[in-house]
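S.K.: From the sequence below, what's the structure:
(4 chains, ligands or ions: 4)
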Amino acid sequence: MFAKISNSIKVNRSSEYFRFVIGQKELRLFVLLAAMVAIMAVLKPDTFFTSTNLFNILRQISLITIVAVAQTLVIISGGIDLSVGFNLGLCGIIISYLLDAAFNPALAFFAGISAGLLIGLANGLIITLVKLPPFIVTIGMAYIARGLAFVVTEGFTIRVTNEFVSELANGYVGPIPIMTIIMFVIVVIFSYILNHTPFGMKTKAVGGNIVAAKLSGINTVTHRLKIHVIGGILCGIAGLLMIGRLNAGNPNAGMNYDVDSIAATVVGGTSMNGGEGSILGTLLGSMILGVMRNALVLLKVSMYWQTVVAGAIIIAVCSIDYLTNKNK
Amino acid sequence: MFAKISNSIKVNRSSEYFRFVIGQKELRLFVLLAAMVAIMAVLKPDTFFTSTNLFNILRQISLITIVAVAQTLVIISGGIDLSVGFNLGLCGIIISYLLDAAFNPALAFFAGISAGLLIGLANGLIITLVKLPPFIVTIGMAYIARGLAFVVTEGFTIRVTNEFVSELANGYVGPIPIMTIIMFVIVVIFSYILNHTPFGMKTKAVGGNIVAAKLSGINTVTHRLKIHVIGGILCGIAGLLMIGRLNAGNPNAGMNYDVDSIAATVVGGTSMNGGEGSILGTLLGSMILGVMRNALVLLKVSMYWQTVVAGAIIIAVCSIDYLTNKNK
Amino acid sequence: MNGEVILRMKNISKTFPGVQALKDVSFDLKKGEVHAIVGENGAGKSTLMKVLGGVHLAEKGEIEINGIPVEIHNPRDALNHKISVIHQEFNLVPTLNVSENIFLGKELTKKLTGSLDKRLMKKRSRELAESLGLNLTNYDAPVRQLSIAQQQLVEIGKALFNETSILVMDEPTSVLTSKETEVLFRLINQFKKEGMAIVYISHRLDEVVTISDRITVLRDGEYITTMDNSEKKASKDEICAHMIGRRIEDYYPERKEDAISDDVILEVKNLTTEGYFEDISFNVRKGEILGFAGLVGAGRTEIMKSIFGESKYDSGEIILDGARKKIKSTTEAIKEGIVLVPEDRKQEGLVLLMSLADNIAIPNTDQITSLGTIVRRKKSNLTNEYVNKLSIRPALINRPIRNFSGGNQQKAVIAKWLATNPRLIILDEPTRGVDVGAKSEIYTIVNSLTEAGVGIVFVSSELTELLGVCDRILVVHEGRITGEFNRTDATEEKIMRAAAGMGNEM
Amino acid sequence: GGTGKQADQPTPDEGDKPAAPAEKRTYAIIYPVIHQFFDPVTTGAQAYAEKLGNIELFIHAPEGGQVQQQIEIVENLISMQVDGIAIGSTDPEALAPYIDQAIEAGIQVVTFDSDTPNSNRAGYIGTMNYEAGLHMADVIAKHIGEEGKIIILQDVPTQGNLVERLQGIEDRIKEKYPKIKIADVQSGYADPAKSVEVLESMIEANPDFVSYTGIGGAGGPAGIAVWKARGWTNQDKMNISFDNTDENIDGLRDGLITALVSQRQHIWGELIIDSLNTLCDGGTIEEHNDTGTIEVTIENIDTYQDER
Ligand SMILES: Nc1ncnc2c1ncn2[C@@H]1O[C@H](COP(=O)(O)OP(=O)(O)OP(=O)(O)O)[C@@H](O)[C@H]1O
Ligand SMILES: Nc1ncnc2c1ncn2[C@@H]1O[C@H](COP(=O)(O)OP(=O)(O)OP(=O)(O)O)[C@@H](O)[C@H]1O
Ligand SMILES: [Mg+2]
Ligand SMILES: [Mg+2]
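M.R.: Ligands and ions are numbered 1, 2, ... in the order given. A predicted model of the protein is given here:
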């Protein structure tokens, strides 16, 4: 009995601490974001703190956030996906190509998103069955996807004139870009799935301790496959939106989305070790990076310095997060 | 007593097994490399299997191999370094800049290599003290290094006319490129350090189980710092050779070396999880990829298809390695 | 019906690369019985149960459940046959909380939405946890925040929530103290009555004799015998003899009184770390074995880690050979001659990827290096010296340490420290998960060390062992020292009272 | 001498300059990528803006040539409410609607370097890249005697202006020079080191080539590095590449490059500012201001910039 009490006292202390931190993780990011917005609002009231500019930022981050949701799921499940960028690019190319060849648009979209799915599936199969490290598999797959985009286009960009696609990427509902709405819907859906469904719990379990997950009767192979397939589909959707935004299928579109999506995920507080993380955090991470990029231009930071500052800010944001976390 | 004997019989067998596998890792890669060379020698005897072309390949892989040695050390110690490419780029830029400003060449080399060291140190400090994931720290640092290269050059390439630098990168000793000799020396030194010194043993221990390493009295913080510093210095040396090879300090040089060095390391059989790996394996991995790139051009694979084939080969090589390993 | 054979494993063989872990082993289990499996480290107990649990596929043999042959290819198949296994290694997801871990793979969902019914899961797991004596106020903390013992209770709870007719417990008590063990035994007896069949694996022969109805002995992957224990009177000596093929003469070696000198090696004064321990004062003399008893989570491990320089302490003094020392890192501690054998050898003691020789060499590189190079011959000489001294078996120094049995791994950790010539060795649960033979060897090693003038701190949750080995025993309760007993006047009763915070024998 | 189509624009020294704008104006110049090729544009524009006065310049580029990043820059400039934008598109199709958005927001837009014809931009200043390709083919043909194998190194195989140049070369050779054979086209992805490597391998694969052409910014310098490493000069094999970057000019002087087809980006800066001023003042400009290409050889190396 005494053991009981003493245990509960100590655990209490340490677990309360942790509940606070976890519950507050998103809040801390939100405060940081708010601070950045506030500073910019003071520095550049006319140009930054206008509804056009703010909605602009929201639209600018929409695509990368969708990809980052895919990345976050993969990372939480214990993997990493460096092929998201060129996967997205290839999906866009396929859709543009088929639209250009006057295919039925619905069919074209379906084909493009299926391509994303297939690349995700291929990643998943090689990772789970051949058991190669996700890092190298997805790098290889990135090359393949990028190359296929070149093969399809022979280097040309394909013009996209489809109204629906254009509207998706550039249209508004009231003042809110449609793309942003799509992003929010995706964030909400996957945040819900991650936190409130057996699927989400299994995802964390697979990433947190794959042996334990397996022993609990989870089919870890199919689960990881599903995660990669979902990631692939999200890349496909992002590819569709991308060609709308670019009005063209450009085989280089999506370049850097691998690194950028990982940055958003990590800034958003998801652990690179897997097992835990937050989609909402990823959204906030993406917003913080989006505001940063916007601010650097509005503050007229020289283009030479921008890259330096961007790198420093990424490290700084993560450090602040870590340090404030530690002090509490 | 009975237990003893029967145990030792069992164990004997299994340790032999393990020794066999480990010892054979490099041999397997070597066989693969030899097979690729043999196939190419049959397919393209006139263009591939000439001493010029073979020495060419050796020179082409020298730079990336030096960087991959740094990467291998970092990965074995449990980390990853995505800043190697732009670190190398920045070091090259600094050396070119100082040479151009008519500084004493020795001083210029020293400054450039010190820059590499400092970037490595900065990576190491943030990773060990702020305890951020190496992935994100080195991505941030890559941005910073790249940006600084732009700041120094304002986007220009800086011409390098120093004879010594040029000779290092382009000269020969007999038929063998000097750069290749430097590479071999580095490979031999670090292979020796990794396998035959306390430093190497500690590196594997830190990567294999950092808690146990710490509890065994290893100062894991300083050890990881040292690894990153060594990695930085190797990048600095690679930067020096790079400007010799390009006859210029180009702020885009080193692009992709992060991914390429990881590919060479993984193809070379080093585990992404840390704790074990081989510098010799990395050299072989780098050679396999170098022969592949050369072969793709000599076989006149269309530039559009090359990327696809390269990605597929990277995955295939790793898979072959895994599957043959499993069968034994 | 109780007494019916529910499970029959026939002629099971399983080979790992180079090791035949099981040779033609047969095993049967009846409803309503507790069937213990005992054997040395590496005898194949866990492997047999992993075959049953679908973790490993046997290359030969059959499994029948209720007389019907079944195929078990993966853990799901096992669960479908109502087989629940509490594995020896911890198998919780560290990032998930208690209720998520308990319900993983069998999540409770809301009918309408299919979403997780978190509240119900939490309520159920709280009820269960309380019945196991695991009273947490916060069930939302990830389980990595719990102590090892608490995690073990969660694992037990997890298995109990499966619909189970065969329950396998692979060393469930190795991290529990007698208090929790008692609770567990009560539960086991209740399950028995309900007709559950239970496999119980343990190195604690007392427990085995107390709880089991039959005892099967494995040795070197082979079936040796099955002993009847319905009267709870099986002879431990006999079990031992079957296990290791010989009888153990002196289980606890005799302590020589004159081994203890008056020189104090280590004196700890008022050591405090808020939230973990408070006002800890004690000393260790040359050649003395000082025991630390306490309940799970009492704070002993934290105290030891602070002395070893691995964690910081808030206040207090550490005095070595009369001089005050501020030890800030493990490196400094080792330099001062203090070493620690940690309680979790796989996570903290060994680099599993490395060989036996390398693991021993890590803190001793100075001795085997000349001109900056590790001299292979010096390394093997050093390793062989300690492999022989501690009779680590098999004496294959280049074999990866992960392929050694638990007892031999533990001896390797001790060996790596002995090679540094320490003055004080802290052993934290040094016999956890170690078979009787190896245990006795570890006691002998510890004993002989004191004769060489080394001071020993011996932390253990097994009272019998503390009483058998130590010269003096301190008891820790809630981070404070609540009792001190000499070898002559210590009894289980007195120590338990102090550990529970009821004693006043200061 | 230069055979490309020449622009009908005032050279810097002619006197009839528009005066400084009445109110202060902010113009942004956006490059497709950070590259030294554009430095003459920056210096030209800055010097000219200073001379005129009352103009603030803001120079920007996506550092690695990423389309999305350039789009974001345009959007951010709209937020900044600059007066004029001059942009070299990374992807003409992609940038068109954003250019139109800027115009709708009341910003004057001209394009340079690579055009965005599907947008409402007021005009394009720079090289017509297809024509530049034709010109290149003529230059190669002239130097190799209209006969022999040539090899070509592309940068990123998707960069529109580079694709046009390559197309121009291929079309002109097909049409006019049947004895010239394009033996190989490979890509170095604008990575300096990779370009060197691919070129070396290409040379091994085609040892009998007579001339090499680098299409993009990394091409000429890669040739220089390889020629130097092999101890070649333009007597052994020819390197005929695009652009008068410092490296290429040095290579020409050092006898490592036979000829360059140079763009005239040093006059773009002034033309951009003049055009934006005109537009802001309510005037109109020509839709295509082809500044042409010039062949640069060792003969005209010191004077080609003055040629028209
Ligand atoms: N996954 C594995 N790979 C290789 N060898 C293994 C593996 N698992 C077990 N072994 C070997 O099989 C033999 C039997 O091991 P097992 O774990 O069944 O023993 P055990 O009786 O449970 O021992 P302990 O009391 O230490 O838990 C040992 O020699 C062990 O080294
Ligand atoms: N990493 C940790 N994070 C949070 N709390 C911890 C951690 N490690 C231990 N604790 C808590 O500190 C207390 C003291 O634990 P400690 O391990 O020192 O006790 P112990 O007496 O050695 O018991 P045990 O037999 O469990 O090892 C426990 O209540 C435990 O829950
Ligand atoms: Mg076991
Ligand atoms: Mg403990």
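
S.K.: Tell me where the chain has strands.
M.R.: Here I'm looking at chain A. Taking DSSP state E as the test, the strands found in chain A are A:158-159, A:172-173, A:176-177, A:248-249.

S.K.: that's the wrong chain, I wanted chain D
M.R.: Taking DSSP E as the criterion, chain D carries its strands at D:25-30, D:55-60, D:84-87, D:108-112, D:123-126, D:148-154, D:180-187, D:211-214, D:238-242, D:259-263, D:288-290, D:293-296.

S.K.: what's the average pLDDT for the shortest one?
M.R.: Here the mean pLDDT over strand D:288-290 is 90, rounded to a whole number.

S.K.: what packs against that strand?
M.R.: strand D:123-126 (3 or more CB pairs under 8 Å, 6 or more residues apart in numbering or on different chains; DSSP states H and E). Backbone N, C-alpha and C define where each C-beta goes, glycine included.

S.K.: tell me which parts of chain C are close to ligand 2?
M.R.: Within chain C, the residues that sit near ligand 2 (CB under 6 Å from any ligand atom) are C:145, C:147-149, C:276, C:294, C:296-302, C:343, C:461.

S.K.: repeat that for 5 Å
M.R.: Where proximity means CB under 5 Å from any ligand atom, the interface of chain C facing ligand 2 comprises C:145, C:147, C:149, C:294, C:296-302.

S.K.: Go through those and say which is closest to chain D.
M.R.: Set against chain D, the nearest of the residues of chain C next to ligand 2 by CB to the nearest CB is residue C:145 (41.7 Å).

S.K.: Tell me how far that closest one lies from residue C:340.
M.R.: Spatial separation of residue C:145 from residue C:340 under the definition CB to CB, to the nearest Å is 22 Å.

S.K.: do the same with residue D:290
M.R.: Distance of residue D:290 to residue C:340, computed by CB to CB: 79 Å.

S.K.: between the two, who's got more neighbours?
M.R.: With neighbours defined as other CB atoms under 10 Å in any protein chain shown, residue D:290 and residue C:340 compare such that residue C:340 has more, 29 against 20.

S.K.: which SS class is the more buried one?
M.R.: At residue C:340 the chain is in strand, as set by DSSP: H, G, I helix; E, B strand; the rest coil.

S.K.: Quick check, it in contact with residue C:308.
M.R.: Yes. With contact defined as CB atoms under 8 Å, residue C:340 and residue C:308 form a contacting pair (4.1 Å).

S.K.: so what sits against both of those two?
M.R.: B:215, C:330, C:333, C:426 (CB atoms under 8 Å, 6 or more residues apart in numbering or on different chains).

S.K.: which residues touch the second one?
M.R.: Residues touching residue C:330, when contacts are defined by CB under 8 Å, 6+ apart, comprise B:214-217, C:308-310, C:340.

S.K.: What of residue A:93?
M.R.: Residue A:93 sits next to A:149, A:152-153, A:158, A:239, A:249-251 when contact means CB under 8 Å, 6+ apart.

S.K.: Flag the shaky bits of chain C, pLDDT-wise.
M.R.: C:1-2, C:137, C:248-250, C:503-506 (pLDDT under 70).

S.K.: What residues does chain D have near ligand 2?
M.R.: So chain D never meets ligand 2 (CB under 5 Å from any ligand atom).

S.K.: before we move on, could you check phi and psi at the residue nearest to residue C:372 when sequence neighbours are not counted?
M.R.: In space, and not counting its chain neighbours, residue C:372 is closest to residue B:197: 5.9 Å by CB to CB, 6 or more residues apart in numbering or on different chains. Note on residue B:197: its backbone torsions stand at phi -130, psi 160 [degrees, to the nearest 10].

S.K.: Residue B:197 and ligand 4, how far apart?
M.R.: According to CB to the ion, to the nearest Å, residue B:197 stands 35 Å off from ligand 4.

S.K.: repeat for residue C:194
M.R.: Per CB to the ion, residue C:194 is found 34 Å from ligand 4.

S.K.: That residue - how many residues pack around it?
M.R.: Neighbours of residue C:194 under the rule other CB under 10 Å: 11.

S.K.: Next: residue C:253.
M.R.: Using other CB under 10 Å, residue C:253 has 17 neighbouring residues.

S.K.: Can you tell me the SS state at it?
M.R.: coil.

S.K.: tell me the contacts of it?
M.R.: C:443-444, C:447.

S.K.: So for the closest residue to ligand 1 within chain A, what pLDDT did the model give?
M.R.: Of all residues in chain A, residue A:211 sits closest to ligand 1, with a separation of 11.2 Å (CB to the nearest ligand atom). Note on residue A:211: pLDDT of 91.

S.K.: Distance of it relative to residue C:93?
M.R.: Applying CB to CB, the value for residue A:211 to residue C:93 is 10 Å.

S.K.: Run through the helices of the stretch 401-506 of chain C in chain order.
M.R.: Secondary structure of the stretch 401-506 of chain C (DSSP state H, counting those that start in this stretch): helices at C:406-418, C:436-451, C:463-469, C:492-499.

S.K.: which pair in the contacts of residue A:93 spans the largest distance?
M.R.: Greatest spacing in the contacts of residue A:93, by CB to CB: A:153 and A:239 (13.6 Å).

S.K.: Looking at the two, which is more packed in?
M.R.: Ranked by neighbour count (other CB under 10 Å), residue A:153 and residue A:239 place residue A:239 first, with 31 against 20.

S.K.: my read: the more buried one touches residue A:251, true?
M.R.: No. Between residue A:239 and residue A:251 there is no contact under CB under 8 Å: 11.3 Å.

S.K.: shared neighbours of these two, anything?
M.R.: What both residue A:239 and residue A:251 touch, as defined by CB under 8 Å, 6+ apart, is the set A:89-90, A:93.

S.K.: So which of the residues you listed reach ligand 2?
M.R.: Answer for these near ligand 2: none qualify (CB under 5 Å from any ligand atom).

S.K.: Cool, thanks, signing off.
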